[in-house]
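Asks: predicted model and sequence below, questions to follow.
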Amino acid sequence: MGWHSNREFFVSWEELHRATKELARRQLPAEQWQGIVAVSRGGLVPAAIIARELNIRVVDSVCVSSYDHTEQRDDLQLLKDVTATTDGEGYLVIDDLVDTGNTLKFLRDKLPKAKFITVYAKPEGMSLVDDYVADLEQETWIHFPWDMHLHYVEPLAGQES
């Protein structure tokens, strides 16, 4: 067994902000965009950062459920539909991560003219994203800052029995 049997990637608020700001820079000039569609929940924070950086005021959301905590389901549930656009033309669809691509396949059918961007991408879903900042191995579990809690950890020397 290796040093760490589960592949995990921990993202700090600073790293997420830096990567998302880079993603925003790649979407310039801002005038080409009418608005943003944030994929809830993971895309909400990156969408807010990109909206600020590109000075975009129209921010809609689409709410799709595809996970039961850590397990991805095959069936997607549309909990809230997009109302700002019917085909996505002139819109950025933003999510934190593309994993298998199931959510983005579903949304591409709904918004075929939108540009789809994510902060992070895994191989199975990369072909469904128009732009992303960093890629991860498919087996890697990413921990976003909104899923973590900072707390004190006892030093190793204090744990001796």
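Replies: Good, I have the coordinates.
Asks: residue 154 and residue 82, how far apart?
Replies: Distance check for residue 154 against residue 82: by C-beta to C-beta, to the nearest Å, it reads 47 Å. C-betas here are computed from N, CA, C, even on glycine.
Asks: okay, the two: which has more neighbours?
Replies: residue 82 (23 against 7; other C-beta atoms under 10 Å).
Asks: tell me the secondary structure at the residue nearest to that one when sequence neighbours are not counted.
Replies: Distances taken as C-beta to C-beta, 6 or more residues apart in numbering place residue 62 nearest to residue 82, at 4.8 Å, with adjacent residues excluded. Using DSSP: H, G, I helix; E, B strand; the rest coil, the secondary structure recorded for residue 62 is strand.
Asks: do you know the pLDDT at residue 70?
Replies: Here the pLDDT value assigned to residue 70 is 62.
Asks: where along this protein do the helices fall?
Replies: For the chain, applying DSSP state H gives helices covering 13-25, 44-54, 102-110.
Asks: okay, and the helix or strand of this structure with the least pLDDT?
Replies: strand 71-80 (a mean of 80; mean pLDDT, DSSP states H and E).
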